[in-house]
Structure formats: C-alpha cells, structure tokens
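Trainee: Give the three-dimensional model of this entry:
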Amino acid sequence: MNKHKNYWEENISLIIKCLTIWFISSYGFSIILVDQLNTIRLGGYKLGFWFAQQGSIYVFVILIFYYAFKMGEIDEEYGRNDS
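Mentor: Residues are numbered from 1 along each chain as shown. I've put the predicted structure just below:
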C-alpha cells in the first residue's frame, strides 16, 4: 500500500508543479507582469503581448510533453507500464 501511496504522491506533485508553471506563464506573465515584460522585445513584439498571445500556449504544449515523459518514468519506477 505504501508503494501505491508514493506513486500518487509523485503524480500529484508533478501535476502541481506543471500547473504552477502554467499559471505563472499564462496569468503572471500575460496579465500581472505584462507592463514590465513589454519593455523587452521578442521577434519585434513586446514580450508581455507575446506571452499573452503565444507564449503561454507554447509553455502549455511543452508541459504536456514533459508531463508525459515524467509520468513514463514514474510509471516505470513503480512497475505500472501498460505493455
């Protein structure tokens, strides 16, 4: 039972980390820090605008792949492979 509990603790911890990063990039950079980030340019666009329009989406997609990779490692560690 302890192994099962540890598996879910690692899973939930990973989810919380991913959601925190996504929140910071989508809400923090796109709304709260937009004025400060707009002083920096990325590809001709203000960085705050870029995060609001595209950056948070890119971060989300990267987090999906990161989550899938890390869950594969966690599943392997605890012997929970589908194959």
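Trainee: just how off-centre is stretch 52-72 within its chain?
Mentor: Remark: stretch 52-72 is offset 5 Å from the chain centroid, using CA atoms, centre = their mean, to the nearest Å.
Trainee: who's in contact with that stretch?
Mentor: 11, 14-15, 18, 21-22, 25-26, 29-31, 34, 47 (CB atoms under 8 Å, 6 or more residues apart in numbering). Where you see a C-beta, it was placed from the backbone N, CA and C, and this is true even at glycine.
Trainee: The helix or strand bottoming out on mean pLDDT in the chain pairs with which strands?
Mentor: Every helix and strand of the chain was ranked by mean pLDDT, DSSP states H and E. The lowest is strand 41-42, at a mean of 84. Partners of strand 41-42 in the sheet, by DSSP bridges, are strand 45-46 (antiparallel).
Trainee: Now the partner strand: average pLDDT?
Mentor: In this model, strand 45-46 has a mean pLDDT of 88.
Trainee: does Y58 sit in a helix or strand, and which one?
Mentor: Element membership of Y58, judged by DSSP states H and E, is helix 56-77.
Trainee: by contact count, what packs against the helix or strand hosting E10?
Mentor: Assigned by DSSP H and E, E10 belongs to helix 2-23. On a contact count with 3 or more CB pairs under 8 Å, 6 or more residues apart in numbering; DSSP states H and E, helix 2-23 meets helix 56-77.
Trainee: Give me the buried stretch members for the helix it packs on, please.
Mentor: Going by neighbour count (16 or more other CB atoms under 10 Å), the buried part of helix 56-77 is S56, V59, L63, Y67, I74.
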